[in-house]
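Novice: here you go, sequence then predicted model.
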Amino acid sequence: QVQLVESGGGSVQPGGSLRLSCVASGFIFSDYTMGWFRQAPGKEREFVATVSWSQPFLADYADSVTGRFTISRDDAKNLVNLQMDRLKPEDTAVYYCAASTLTLGFSPAAYNYWGQGTQVTVSS
């Protein structure tokens with residue numbers, strides 16, 4: 001049974017940091033590109049970051065988070081992280097971890113498996 005379980009969400013003030021984690025099971029993690037998406041109320045799910053399945057790991061980011069967020073993976077632990085720094089109120093959303101068989105994926109349609117999401121709220 002495929003599972004992606006996110007953790008690390010919460011509430012933080014603008015300028016603060018959070019680290020999201022996603023633990024995967026039920027599939028060969030090292031064969032999948034991993035991504036993070038987010039969805040704010042009333043908006044479509046949008047791409048945040050992705051890291052490829054093969055070394056050297058390729059990473060790419062949405063323009064809105066470039067320079068503030070860092071995606072990383074640990075294949076030994078079936079784990080993908082999203083370090084989020086200098087958070088802004090517009091980063092408030094439910095964040096989802098996802099797995100894709102493509103080399104890099106920027107669209108939700110490219111992803112095969114999804115987690116349940118973790119809420120991130122940035123507010124003063």
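Specialist: All right, it came through fine.

Novice: so where do the strands sit in this protein?
Specialist: 3-7, 10-12, 18-25, 33-39, 46-51, 59-61, 69-74, 79-84, 93-100, 113-114, 118-122 (DSSP state E).

Novice: what sits against the nearest residue in space to residue 50 that is not next to it in sequence?
Specialist: Leaving aside its sequence neighbours, residue 50 sits nearest to residue 35 (CB to CB, 6 or more residues apart in numbering; 4.1 Å). Where C-beta positions appear, they are placed from N, C-alpha and C, glycine not excepted. Contact analysis of residue 35 by CB atoms under 8 Å, 6 or more residues apart in numbering lists 47-51, 97-100, 105, 111.

Novice: residue 36 and residue 90, how far apart?
Specialist: From residue 36 across to residue 90, the span is 16 Å (CB to CB, to the nearest Å).

Novice: those two: who's more crowded?
Specialist: Each of residue 36 and residue 90 has its neighbours counted (other CB atoms under 10 Å); residue 36 has more, 26 against 10.

Novice: identify the residues contacting that one.
Specialist: 20, 22, 48-50, 71, 80, 82, 95-98.

Novice: what is the burial count for the closest residue to residue 13 other than its chain neighbours?
Specialist: Spatial nearest neighbour of residue 13, chain neighbours left out: residue 124 (5.5 Å); criterion: CB to CB, 6+ apart. Residue 124: 7 surrounding residues under other CB under 10 Å.

Novice: what pLDDT is listed against residue 124?
Specialist: The model reports residue 124 with a pLDDT of 95.

Novice: okay, now the unreliable bits of the chain?
Specialist: Within the chain, not a single segment meets pLDDT under 70.

Novice: who does the most centrally placed residue in the chain form a beta bridge with?
Specialist: For the chain, residue 36 is the residue whose C-alpha lies nearest the centre (CA atoms, centre = their mean; 2.2 Å). On the basis of DSSP bridges, residue 36 is bridged to residue 49, residue 97.
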